[in-house]
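A.B. asks: Using only what follows, build the 3D model:
(one chain, ligands or ions: 1)
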Amino acid sequence: MSLLEVKNLKVHFPVKQGLFSRVKGHVKAVDDVSLRIEPGETLGLVGESGCGKTTLGRAIIRLIEPTAGSVLFDGEDISKLTGSELRSRRRKFQMIFQDPYNSLNPRMTVEQIIGEAIDIHRLAENPAARRKRILELLEAVGLNSSHAQRYPHEFSGGQRQRIGIARALAVEPQLIVCDEPVSALDVSVQAQIINLLQDLQRQRGIAFLFIAHDLAVVEHISHRVMVMYLGKAVEVAEAKELIRNPRHPYTEALLSAVPEVDPASKRKRILLPGDVPSPISPPSGCPFHPRCPYAQPVCKTDVPPLREISPGHRSACHFAEEVGGEKLMAGTSGIQKPA
Ligand code: SF4
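C.D. replies: Residues are numbered from 1 along each chain as shown. As a prediction, this is how the structure comes out:
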């Protein structure tokens, strides 16, 4: 049994207009996404800004209410839980945020911030045990006892992210949703935080849903990767397989913008025309067709299902088998572009 199994999850937000706030449509931020994460595994989630990856992460841990679908955690459907039942399960899944400063109460010391999580779930029998636990957590994330009485503004960005990680660890979670946790940090500090997360995973067996827009970062930390576009999963594969052998034109374009992912790669840069379409009125058929260098007439009318093209590798493209082939590189030759 998987630690996390998400089935057909949808998060649709109503778009209201006018004096009477009539609903004129829906933003399909997450549209029928399924995924699974095994204990101790990292699933990377990538896509451009606005593709729905953060909304998906928040809906999984119920910071946003899903519109439809189910979220099975350890076999239990947490999408139906409410009140005290949900609060007690929350201990098992935590989140760390892109901007640790905004997620840390500026009026609380580090000890109070970490201690609050311990108190909510009654994880220390007495003040001495609580203090011991806080100091152990600080040490686990590379801080020390001298940091306990300081306030968030006294720390660097990387140190604040370490405090956020310590707070998440305080309740001994089995899954942490990492929402772009290194995007706001310098490259050298990014590597330190990534290494810390990997060490913690090895020591504690924690699973991560690692959300990022940078494929190089995701490839480094993830066992498997899911690529999202306009609220949908368009490709899923083991990290190395996805990098070496992308089978969706959108993944191929993302990869072509990151040459350092595979220095031996002879990939040409693929510049996608236009912007990501509005999720209020997504394109018909394949949502990527207005920007896709391989698009065919069928792409405008038929939605490509996310289908398995080799063991563990799934792509939502009608022409997944041809994508990336030597004779079929996007923008050169191969599949005819529509007239
Ligand atoms: Fe491109 Fe068509 Fe594949 Fe969509 S289904 S990614 S438009 S080739």
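
A.B. asks: Which elements pack onto the strand or helix carrying residue 254?
C.D. replies: Assessed by DSSP states H and E, residue 254 sits inside helix 249-256. Packing contacts for helix 249-256, counted by 3 or more Cβ pairs under 8 Å, 6 or more residues apart in numbering; DSSP states H and E, involve strand 224-229, strand 232-238. In this view, the C-beta of every residue, glycine as well, is placed from N, C-alpha and C.

A.B. asks: Residue 185 reaches residue 193, doesn't it?
C.D. replies: Yes. With contacts counted by Cβ atoms under 8 Å, residue 185 reaches residue 193, the gap being 6.5 Å.

A.B. asks: higher neighbour count, the two?
C.D. replies: Neighbour totals were compared for residue 185 and residue 193, and residue 193 leads with 25 against 20 (other Cβ atoms under 10 Å).

A.B. asks: For residue 180, see how far away the more buried one is.
C.D. replies: In this view, residue 193 and residue 180 are 11 Å apart by Cβ to Cβ, to the nearest Å.

A.B. asks: and this structure, which residues reach the ligand?
C.D. replies: Residues of the chain found near the ligand (Cβ under 6 Å from any ligand atom) are 248-249, 286, 288-289, 292, 294-296, 299, 304, 317-319.

A.B. asks: As JSON lines, the residues you listed with distance to residue 66 and secondary structure would be great.
C.D. replies: Below are the residues of the chain next to the ligand laid out as JSON lines (distance: Cβ to Cβ, whole Å; DSSP: H, G, I helix; E, B strand; the rest coil):
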{"residue": "248", "distance to residue 66": "25", "secondary structure": "coil"}
{"residue": "249", "distance to residue 66": "29", "secondary structure": "helix"}
{"residue": "286", "distance to residue 66": "24", "secondary structure": "coil"}
{"residue": "288", "distance to residue 66": "24", "secondary structure": "coil"}
{"residue": "289", "distance to residue 66": "27", "secondary structure": "helix"}
{"residue": "292", "distance to residue 66": "29", "secondary structure": "coil"}
{"residue": "294", "distance to residue 66": "32", "secondary structure": "coil"}
{"residue": "295", "distance to residue 66": "31", "secondary structure": "coil"}
{"residue": "296", "distance to residue 66": "33", "secondary structure": "coil"}
{"residue": "299", "distance to residue 66": "29", "secondary structure": "helix"}
{"residue": "304", "distance to residue 66": "24", "secondary structure": "coil"}
{"residue": "317", "distance to residue 66": "26", "secondary structure": "coil"}
{"residue": "318", "distance to residue 66": "28", "secondary structure": "coil"}
{"residue": "319", "distance to residue 66": "32", "secondary structure": "coil"}
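
A.B. asks: Of these, which is the nearest to residue 201?
C.D. replies: residue 248 (27.4 Å; Cβ to Cβ).

A.B. asks: Would you point out the helix or strand in this protein whose mean pLDDT is lowest?
C.D. replies: helix 100-103 (a mean of 80; mean pLDDT, DSSP states H and E).

A.B. asks: Mind listing residues that contact that helix?
C.D. replies: 96, 97, 152, 153, 157, 160, 161, 163, 164, 181 (Cβ atoms under 8 Å, 6 or more residues apart in numbering).

A.B. asks: any idea which of these is closest to the ligand?
C.D. replies: For the contacts of helix 100-103, the minimum distance to the ligand (Cβ to the nearest ligand atom) is 29.7 Å, reached by residue 181.

A.B. asks: quick one: the strands in the stretch 201-339 of the chain?
C.D. replies: Taking DSSP state E, counting those that start in this stretch as the criterion, the stretch 201-339 of the chain carries its strands at 207-212, 224-229, 232-238, 307-310, 313-315.

A.B. asks: What distance do you get for the closest residue to residue 312 other than its chain neighbours to residue 300?
C.D. replies: Closest residue in space to residue 312, ignoring its immediate chain neighbours: residue 238 at 5.9 Å, by Cβ to Cβ, 6 or more residues apart in numbering. Going from residue 238 to residue 300 by Cβ to Cβ gives 31 Å.

A.B. asks: out of the contacts of helix 100-103, which is most surrounded?
C.D. replies: residue 161 (31 neighbours).

A.B. asks: isn't that one right up against residue 181?
C.D. replies: Yes. Counting by Cβ under 8 Å, residue 181 is a contact partner of residue 161 at 6.0 Å.

A.B. asks: Mind listing the shared neighbours of these two?
C.D. replies: What both residue 161 and residue 181 touch, as defined by Cβ under 8 Å, 6+ apart, is the set 96, 100, 193.

A.B. asks: Export the helices and strands packed on helix 249-256 as CSV, with columns for mean neighbour count, distance to residue 122 and mean pLDDT.
C.D. replies: Shown next, in CSV, are the helices and strands packed on helix 249-256 (neighbours: other Cβ atoms under 10 Å; distance: least, Cβ to Cβ, whole Å; pLDDT from 0 to 100):
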stretch, mean neighbour count, distance to residue 122, mean pLDDT
strand 224-229, 25, 35, 97
strand 232-238, 24, 38, 98
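
A.B. asks: so can I have CSV of those strands showing distance to residue 27?
C.D. replies: What follows is those, written out as CSV (distance: least, Cβ to Cβ, whole Å):
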stretch, distance to residue 27
strand 224-229, 15
strand 232-238, 13
